[in-house]
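Student: whatever this is, show me its structure:
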Amino acid sequence: METARSLHSLLLLLLLPLIFVLVDARSSSIDAISAFYQTLVLNEQKLPLMDMKIPATDCIFHKPRVEKETATFEMKERDYCSGNIKHRDKNLQDRLILDEIHVDSLLSRFKYATSLFTPHDISDTHLPLTLGTSLQTLNYLVTVRIGPQNLTLIVDTGSDLTWVQCLPCHLCYNQQQPLFDPSNSPSFVPLPCNSNNCSAFQPTAGGSGACTNGSSNPCDYEVNYGDGSYSRGDLGFETLKLGNVSVENFIFGCGRNNKGLFGGTSGLIGFGRSELSVVSQSSSVYGGVFSYCLPSTETGSSGSLTLGAGDFSNFRNISPISYTKMVPNPQMSNFYTLNLTGITVGGLKLVVPRLASSNGVLSLLDSGTVITRLPPSVYKALKEEFERQFSVYRTAPGYSLLDTCYNLSGLKQVKTPNVKLHFEDEGEMSVDVGGLFYYVKSDGSQICLAFASLADEYQIGIIGSYQQKNQRVIYNLKESKVGFAGERCSF
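Tutor: Numbering: from 1, shown residues only. Next comes the predicted model:
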């Protein structure tokens, strides 16, 4: 009996490693499956219906959260702060048309800047300040305090200057909040046109540089956008309140002549890379770091915009943060440019010479673009592999610039291949299922893969805001890097 027990124990010891290997293999297989596919639950897509009335409470912003050397602001999608949503189909079509205008203007600016660039001439002062943005596509808003007023502003990572509509105003569009009145703010100080600050910042702010009437003349600015929208006025100093921190002598634009698709907001807050941006002007407090998590398309959902990083424990990411370096780009130095080096679909890496080149595809990370644009050969490979893995579902007609569409009506949930974007230095962004499909019809009868092709193989790629949903995107200007991590966006 004792001998039998000894033999049994010996056999168990010999088999134990094999048992662990089998368990580990099964666990790894489950992890691999979850890494390669996501589940799209169609009845949870709470999309706005035609003529839907948005409750006023959906557009009230909560106070900023302050914790561990950071300030976090609630971020909302602009469509849900505009009252009634009417003619949903037309709005979707218009959004994609305006997105095309925005992208064309970005590409034109990049092409023009490249033609001006020489190794001996890399100053931004030689570039026209024409962002080329159609602001209908800048869909995310935050509320900050400038002087004595709370103002709701459009967030733009492709702009540097923060500007608001000011009294007296010669030409102003309708906004929901009272116009900023410098005469009621004891902390407002106009910036004289003959000052060193005016000379330093005017090339970025696009002013004329004229100072014909002496030092009492204000330092002017002019920002023009590709759809004909613009803001013109004068620069000044004010106190910007970010959470419980006050940024004194914050330079911003007081808009006296403004026209365009700004949608009832009070102006725009710039998160670009120049010294005029909010990130740079608050760097002594927040270290030149900011991040955001863009909300999904569900009605009333909120995301967050965080200044500072702290110890990162206040982030609610559900996957580890991976980083890629920002690519130095003198031609468009206020933008965030990265090298896209690979794409996987359902765990399968796309074989595309363009991605396999020395630095991959130079790409802008842009909150102002909705749909991600890829070079034709890269998009073609992505489209074909996605179609192959998603072939069990019915197709639907294309819509505007989106040509890969499906009819998923009547289904409660579907398994979708995971699309992962790979960047230099092992940075990666796994596109959340909410950013994978663009809903044309709210009943699921026409939903489209939310990627599109560029016209030319060697145009710069653009990573749009739609693919950034439910991602914590971290911009570290001090260390010139960008981080990505999955997150269920909320405030």
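
Student: counting neighbours, what do you get for the residue nearest to Met326 when sequence neighbours are not counted?
Tutor: Spatial nearest neighbour of Met326, chain neighbours left out: Ser480 (4.5 Å); criterion: C-beta to C-beta, 6 or more residues apart in numbering. Just so you know, the C-beta spots here come from the backbone N, C-alpha and C atoms, and that holds for glycine as well. When neighbours are counted by other C-beta atoms under 10 Å, Ser480 registers 14.

Student: dump the residue contacts of Ser480.
Tutor: The contact partners of Ser480, taken as C-beta atoms under 8 Å, 6 or more residues apart in numbering, are Lys325, Met326, Pro328.

Student: likewise Leu408?
Tutor: Counted by C-beta under 8 Å, 6+ apart, Leu408 has contacts Leu40, Leu42, Tyr393, Arg394, Val414, Gly444, Ser445, Ile447.

Student: write the PyMOL selection for whichever of those are buried.
Tutor: Only the buried entries of the contacts of Leu408 go into this PyMOL selection, using 16 or more other C-beta atoms under 10 Å:
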select buried, resi 40+42+414+444+445+447
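
Student: which single one of the contacts of Leu408 is nearest to Leu294?
Tutor: Leu40 (18.2 Å; C-beta to C-beta).

Student: ok, residues contacting the helix or strand that closest one falls within?
Tutor: Using DSSP states H and E, the element containing Leu40 is strand 37-41. Strand 37-41 has contacts (C-beta under 8 Å, 6+ apart) with 346, 408, 412-418, 432-433, 436-437.

Student: closest one to Gln471 out of those, please.
Tutor: Checking these against Gln471 with C-beta to C-beta, the nearest one is Asp432 at 6.7 Å.

Student: per-residue pLDDT, the closest residue in space to that closest one that isn't next to it in sequence?
Tutor: Spatial nearest neighbour of Asp432, excluding adjacent residues (C-beta to C-beta, 6+ apart): Asn470 at 3.9 Å. Looking at Asn470, its pLDDT is 90.

Student: the chain should start at 575 in everything you say after this.
Tutor: Shifting the count to begin at 575 puts that one at Asn1044.

Student: report the buried residues of the helix or strand harbouring Val821.
Tutor: Per DSSP H and E: Val821 is located in strand 819-833. Across strand 819-833, burial judged by 16+ other C-beta under 10 Å covers Val819, Val821, Phe824, Ile825, Phe826, Gly827, Cys828, Gly829, Arg830, Asn832.

Student: report all helices and strands that that strand contacts.
Tutor: strand 737-739, helix 770-779, strand 804-816, strand 841-844, helix 852-855, helix 857-860 (3 or more C-beta pairs under 8 Å, 6 or more residues apart in numbering; DSSP states H and E).

Student: mean pLDDT and mean neighbour count added to those, as JSON lines?
Tutor: Shown next, in JSON lines, are those (pLDDT from 0 to 100; neighbours: other C-beta atoms under 10 Å):
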{"stretch": "strand 737-739", "mean pLDDT": "98", "mean neighbour count": "27"}
{"stretch": "helix 770-779", "mean pLDDT": "75", "mean neighbour count": "18"}
{"stretch": "strand 804-816", "mean pLDDT": "94", "mean neighbour count": "21"}
{"stretch": "strand 841-844", "mean pLDDT": "93", "mean neighbour count": "28"}
{"stretch": "helix 852-855", "mean pLDDT": "94", "mean neighbour count": "22"}
{"stretch": "helix 857-860", "mean pLDDT": "92", "mean neighbour count": "16"}
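
Student: can I get those in CSV with distance to Val640?
Tutor: Listed next are the helices and strands packed on strand 819-833 as CSV, based on distance: least, C-beta to C-beta, whole Å:
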stretch, distance to Val640
strand 737-739, 23
helix 770-779, 29
strand 804-816, 9
strand 841-844, 18
helix 852-855, 17
helix 857-860, 12
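
Student: wait, which of the ones you listed is closest to Thr731?
Tutor: With C-beta to C-beta as the measure, strand 841-844 is the member of the helices and strands packed on strand 819-833 nearest Thr731 (8.3 Å).

Student: which helices and strands does the closest one pack with?
Tutor: Counting contacts by 3+ C-beta pairs under 8 Å, 6+ apart, strand 841-844 packs against strand 723-730, strand 737-739, strand 819-833.

Student: of these, which is nearest Glu998?
Tutor: Glu998 lies closest to strand 723-730 among those, at 24.8 Å (C-beta to C-beta).

Student: list the buried residues in the closest one.
Tutor: In strand 723-730, counting by 16+ other C-beta under 10 Å, buried: Gln723, Leu725, Thr726, Leu727, Ile728, Val729, Asp730.

Student: can you list the strands that it pairs with?
Tutor: Using DSSP bridges, the strands paired with strand 723-730 are strand 714-720 (antiparallel), strand 841-844 (parallel).

Student: that one - what's its average pLDDT?
Tutor: Taken as a whole, strand 723-730 has a mean pLDDT of 91.

Student: before we move on, what about stretch 960-975?
Tutor: Mean pLDDT, stretch 960-975: 96.

Student: and if you look at stretch 684-702?
Tutor: Mean per-residue pLDDT for stretch 684-702: 36.

Student: and what of stretch 610-623?
Tutor: For stretch 610-623, mean pLDDT rounds to 65.

Student: closest one to Gly942 among the helices and strands packed on strand 841-844?
Tutor: strand 723-730 (5.7 Å).

Student: how many neighbours does Asp940 have?
Tutor: Using other C-beta under 10 Å, Asp940 has 26 other residues around it.

Student: and it, what's its pLDDT?
Tutor: Reported pLDDT for Asp940: 88.

Student: returning to that earlier point: what is the nearest of the contacts of Leu982 to Gln1033?
Tutor: Ile1021 (26.7 Å).

Student: for that closest one, give the beta-bridge partners.
Tutor: Tyr980, Tyr1013.

Student: what do you get for Gly1035?
Tutor: On the basis of DSSP bridges, Gly1035 is bridged to Ser937.

Student: separation between it and Ile671?
Tutor: Using C-beta to C-beta, to the nearest Å, Gly1035 is found at 21 Å from Ile671.

Student: over to Pro638?
Tutor: Taking C-beta to C-beta, one finds Pro638 at 35 Å from Ile671.

Student: with Ile1048 instead?
Tutor: Relative to Ile671, Ile1048 is positioned 32 Å away (C-beta to C-beta).

Student: looking at these two, which is more packed in?
Tutor: Ile1048 (21 against 15).

Student: ok so the more buried one is a strand residue?
Tutor: Yes - counting by DSSP: H, G, I helix; E, B strand; the rest coil, one finds Ile1048 located in a strand.
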